[in-house]
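In: Model the structure of this input:
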Amino acid sequence: MHSMNKILYLLALVTFVSAVAGGLLAIKFQRILQYFFAFSSGTLIAITFFDVLPQSWSIANSIDLSQRTLMIATVAAFLLFSLLERFFLTHHHHEEEKHGHIMGPVGAIALVIHSLLDGAAIGIAFHVNSSMGVIVTLAVMCHIFTDGTNIVVIMMKNEQNVKKARAFLFIDALASVCGVLVSGLLTINQSVLSVMLAAFAGQFLFLGVENLLQGAHHHSAWKMVTSMISGVLLILLLTSIMKI
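Out: Numbers count the residues shown, from 1 in each chain. Below you'll find the model as predicted:
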């Protein structure tokens, strides 16, 4: 248990650094970040189908939990994050000129919630086994990085200054740390764990699609596709190695 705590503390530090790095790089290198978004998309979609859902189904089968229940959890999570995106980000961007100063923090808060759940996914994955924990950590780390960049971009686009953007970036980084530590130190019932993994699959699937769509029509198509496929192949390789 003591060894596991050390691992969780290390992972919490990794998520913090990843979020901060993403935000700081967004200030300097916005032109190339869309390709990282595509790479992150590939990792998140791949982790959904190659690891998280299979693990969820495996646990469910061992305790006679209906797979239909898991599918409902996956779809519900996907729809929930779609609605959050629709009403807390996209919808308000139509009123950017009038309420831009308000919608910057609103969009940033939505991403902070994302980071909290991303961090929780890491801790929960380690409840299953260490191999899954490593794979999920890699995928989530990529997305937390993009969350950090998104925090800065949303704040700056909504006429917020760099100081406020950095403040929200710090909050976002802390949220991911809290998610790792709190979820990783809890004792979770197997049926609850199975449903939570299924819900995270829905979250990852949505975030993967969201990352891919960002800037897809404004950047080189073949570079975007190559970046995404690289992310998929990386997770496929890692999941294959872990099962050997």
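
In: what mean pLDDT does the host helix or strand of Leu70 have?
Out: Here Leu70 is covered by helix 67-85, with elements defined by DSSP states H and E. For helix 67-85, mean pLDDT rounds to 89.

In: so what does that helix touch, helix or strand wise?
Out: Here helix 67-85 touches helix 53-62, helix 96-128, helix 190-213, going by 3 or more CB pairs under 8 Å, 6 or more residues apart in numbering; DSSP states H and E. The way it works is simple: take the backbone N, C-alpha and C, and place the C-beta from them, glycine included.

In: I figured Ala76 was touching Ala201, is that so?
Out: No. Contact criterion CB atoms under 8 Å: Ala76 and Ala201 do not qualify, at 11.1 Å.

In: Compare the two (neighbour count), which wins?
Out: Ala201 (28 against 14; other CB atoms under 10 Å).

In: distance between the host helix or strand of Ser18 and the chain's centre?
Out: In this structure, Ser18 sits in helix 2-28 according to DSSP H and E. How far helix 2-28 lies from its chain's middle: 13 Å, per CA atoms, centre = their mean, to the nearest Å.

In: Which secondary structure elements does it sit against?
Out: Partner elements for helix 2-28 (3+ CB pairs under 8 Å, 6+ apart): helix 96-128, helix 130-157, helix 162-184.

In: List the contacts of stretch 39-55.
Out: 70, 74, 125, 128, 132, 135-136, 138-139, 142-143, 145-146, 197-198, 200-201, 204-205, 207-212, 227-236, 239 (CB atoms under 8 Å, 6 or more residues apart in numbering).

In: From Ala46, how far out is Leu138?
Out: Distance, Leu138 to Ala46, by CB to CB, to the nearest Å: 11 Å.

In: Between those two, which contacts overlap?
Out: Joint contacts of Leu138 and Ala46 (CB under 8 Å, 6+ apart) are Leu234, Ile235.

In: Have a look at these two and say which one is more surrounded.
Out: Remark: of Leu138 and Ala46, Ala46 carries more neighbours, 26 against 17, as counted by other CB under 10 Å.
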